[in-house]
Each structure stands twice: as structure tokens, then as C-alpha cells.
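Q: Have a look; sequence and predicted model below, questions after that.
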Amino acid sequence: MVIGIGIGLASGQVQQAIMQVFPGIKVPPVPVKSHSNGEIFLTSNCGNPATLVNGTNPLPGNRTIFFSCGAAGLGGSIAAFNVYNTNGSFTGAGTFIPTFTLPNGYTQLSYTAAGDIACTNTIAALTSGTLVTIQIYSYSYCATYQNVYNETLSTLNSKQPCPSFSGRVGIASMETDCIRWSHPDIENRIKANRLTDRPDEDEHLVPAFKEWLDSELPENRACHKLSLGHRPLYGSQWWTEEKESLGQFIIDLVFHEGESVVVTELETELNNSALGQALVYSHVYLDKKYNSKYDAGRAVVPAVACCIAPTPYLNVARDVGVRVYYCRRGLTKSVK
């Protein structure tokens, strides 16, 4: 079997794929976006192409087999692949797309920490063609089979990876990037550039960005105007203590990207308010007091989607860990 993972750079060009072959699986690399905090890559630990090694005895019936790059000293194993950041950081994650077909007999392919030879603590199942966010670390594979008796599990041929964000696969866990997006209506308004052409956030920007998002990431499960907490009752007062209410936060857009949730503020221009709201909203989204439905297994990415982005604000966004979707670099005339 062979699993393939491709890794792309910001230009959309795809680097040479890594190939890992194990008795029944094949792996080339998937695109990850370049950004100022380095680039996150997934690499083979035993050459390219490489044949992985079965680390557990294949017994008849329903079992799970551990695959790695081979045995190491003191009963350990060499990880099948590593996820790492080029800047040396040990935190963060990359979003990848594995591509494979399970042959007859196999029912599931998962990845696990490199030392989990017994496959007792697998991290997540892999689905071919589906985004998966993987933290920086070293990993191997666990392949499950059912009702197999006295037979050889066949090899699988990888398909070409087809990432939903071709050349723009997102970064999770506070790693950040700047992504250009485009929509005909917004582009026409930018080119016309009259005061009357300024996009209205609710009337023009939100539907345009959602349409673009649907075309780039069909399984985004976008939620518009997500309300968390409760609106305080002020009465005749101009403020109230927090013990009376947690307060209310209305997030413009929340969508899923693989195993990550992107908490997004939408503004015509990238500005102080947008950056601050993205950071606060992502923090509130993680807080069970406000969001009892939060899945702790998902990384949360703060983001701003805008039309125009001034360079100084893009630089700040990178520094504080806010992803920015923008159409043009530039400045907008104040409407206040």
C-alpha cells in the first residue's frame, strides 16, 4: 500500500513529492503555504521513494499493523515521516491532503506518534483527498484490516494529490499566512474605484467571500454571524459588572478547514479593529464558558477577510498570528 502527500509553496508550485511504500501503502507530499514564520513541511524519514517496514506481526482476523521506517535501538522505531517548521519552531501545524486507496482487506489508515508501536493511541484516521491538520512532530502509520486469513494484502497505487487550496493550504495553531482571494463583483468595484463602489460588508463582502470560499473549500461548513455569550442588560447604566453577564460576541464567519476552525472577521479594509476582533473572537471561541460546543481536538485560526490591506497591518497580522485574506494591498478613505 502506498500513501502520497504533496507539499506546495506560496507560488503554487509543487516540490518533488516524497514517496513511502509499505506492504500495502504509498505517500508523495501536499502544498503548505509559505509565510513569514517559516514553512511547514512533511518529509519522509527513510528516503524518497522508500519502503516502510511492518513493525508488528500480521495475525489472522481483525488486526492493526504498525508501519515505520524501521527499528531503532531499545525497541524503538524510526518515524515514517516528520512534520517540521523551517524556522526551527517546535509548535504549530501544517494542513495536508493524503491521497490513497485502501485495497481489499484494509478498513482504515491512521497516523500515530512514532513510538506507538502497538497502535494503542492513534491520533486520527486519514481519509484520501481530505484535509488533515498535523502538528509538528514525528509520526508513523497504523493500518487496520478485517477478516483477513492466510492471504497477502495488496499494494496500493497513489493518485495525484488534488488539494482544495492548491498552493494555498492553510496553516493552523497560530501559524499565519496572507492569502489573495478574488470575486468578480469585488474586483469590478476595486477597478472602478469610485466612492459609490466601496463594498458594503454585509451586502457585498460577505456573500462574495463565501462564494469564493465555497469554490476553494467546498466542505467548509461556514456559519455566518455566530453569536456567543449573552447580551448584557444595562438598564439605565452605562456599564455592568461581568458577574452579571459574560457579554456577547458576534463572529462574522466561522468555517472549517480540514481539522481546523477559522474564526473570521470581515472588513472592507484590514485595520486595528479587524485585527483586534479576530484575536478576541478566536479566544472566546475556545472558551467553554461562551462556546460549549467547541471541539478541543480542532485548532482555531484567527483570521480577517478584507478587500484592501495596508502593508503595515499585514506585517502586524503575521507577527500576532492572524491569517489575512485580501484582494489588494492599499489604503481606503475613512468613512467615519
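A: That came through fine.
Q: burial measure for Arg180, as a count.
A: Residues contacting Arg180 under the criterion other C-beta atoms under 10 Å number 13. Heads up, the C-betas are built off the backbone N, CA and C, glycines and all.
Q: beta partners for it?
A: Tyr326 (DSSP bridges).
Q: ok, it touching Tyr326?
A: Yes. Look at Arg180 against Tyr326 with C-beta atoms under 8 Å: they come within range, at 6.6 Å.
Q: Now do the SS call for the residue sitting furthest away from the middle of the chain.
A: Taking C-alpha atoms, centre = their mean, the residue of the chain most remote from its mean C-alpha position is Ser236, at 45.5 Å. The three-state assignment at Ser236 reads coil, by DSSP: H, G, I helix; E, B strand; the rest coil.
Q: Grab the most central residue of the chain for me.
A: For the chain, counting by C-alpha atoms, centre = their mean, the most central residue is Thr95, which lies 4.1 Å from the centre.
Q: Which pLDDT value belongs to that residue?
A: Per-residue confidence (pLDDT) for Thr95: 73.
Q: Report the secondary structure element holding it.
A: Here Thr95 is covered by strand 93-96, with elements defined by DSSP states H and E.
Q: That strand pairs with which strands?
A: strand 132-135 (antiparallel), strand 171-172 (antiparallel).
Q: Following element in sequence after the first one, please.
A: Per DSSP H and E, the first helix or strand lying C-terminal to strand 132-135 is strand 137-148.
Q: For Ala317, give me its contacts.
A: Remark: with contacts taken as C-beta atoms under 8 Å, 6 or more residues apart in numbering, Ala317 is in contact with 176, 178, 270, 275, 304, 323-324.
Q: again with Val304
A: Under the criterion of C-beta under 8 Å, 6+ apart, the contact partners of Val304 comprise 264-267, 270, 274-275, 278, 317, 322-325.
Q: which one of those residues sits closest to Asn220?
A: Minimum separation from Asn220 among the contacts of Val304 (C-beta to C-beta) is found for Thr264, which lies at 10.7 Å.
Q: The closest one pairs with what?
A: In this structure, Thr264 has beta-bridge partners Leu253, Ala303, where bridges are defined by DSSP bridges.
Q: Repeat that for Ser227.
A: Beta-bridge partners of Ser227, counted by DSSP bridges, are Ile250.
Q: so Leu131 touches Asn220, yeah?
A: No. The criterion here is C-beta under 8 Å, and Leu131 misses it with Asn220 at 10.3 Å.
Q: more neighbours, those two?
A: Taking neighbours as other C-beta under 10 Å, Leu131 and Asn220 compare with Leu131 leading, 22 against 17.
Q: Can you tell me the closest non-neighbouring residue to the more buried one?
A: Closest residue to Leu131 in three dimensions, ignoring its sequence neighbours and counting by C-beta to C-beta, 6 or more residues apart in numbering: Gly258, at 2.8 Å.
Q: Next: Tyr137.
A: Of all residues apart from its sequence neighbours, Val83 sits closest to Tyr137 (C-beta to C-beta, 6+ apart), at 6.2 Å.
Q: Which helix or strand contains that neighbour?
A: For Val83, the enclosing helix or strand under DSSP H and E is strand 81-85.
Q: Who does that strand pair with, and is each partner parallel or antiparallel?
A: Under the criterion DSSP bridges, the sheet neighbours of strand 81-85 are strand 40-44 (antiparallel), strand 137-148 (antiparallel).
Q: Bridge partners for Tyr139, pull those for me.
A: With beta bridges defined as DSSP bridges, Tyr139 has these partners: Phe81, Ala113.
Q: Give me the pLDDT for it.
A: Here, the pLDDT recorded for Tyr139 equals 89.
Q: I'd like the average pLDDT over the top helix by length along the chain.
A: Under DSSP state H, the helix in the chain containing the largest number of residues is helix 272-286. The predicted model assigns helix 272-286 a mean pLDDT of 91.
Q: Report the buried residues of the strand holding Val83.
A: The neighbour-count criterion (16 or more other C-beta atoms under 10 Å) identifies 81, 83-85 as the buried residues of strand 81-85.
Q: same check, this time on stretch 278-290
A: For stretch 278-290, the buried set under the neighbour-count rule, 16+ other C-beta under 10 Å, comprises 278-279, 281-282, 284-286, 290.
Q: How about stretch 212-229?
A: Those would be 212-213, 216-217, 220, 222, 226, 228-229, for stretch 212-229 by 16+ other C-beta under 10 Å.
Q: what does stretch 92-108 give?
A: Buried positions in stretch 92-108, judged by neighbour count with 16+ other C-beta under 10 Å: 92-100, 102, 105-106.
Q: hang on, Ser282 packs against Ala299?
A: No. Between Ser282 and Ala299 no contact is recorded; they are 10.2 Å apart, counting by C-beta under 8 Å.
Q: got the residue ranges for the strands in the stretch 101-250 of the chain?
A: With strands called from DSSP state E, counting those that start in this stretch, the stretch 101-250 of the chain shows them at 106-113, 124-126, 132-135, 137-148, 171-172, 178-180, 223-230, 247-257.
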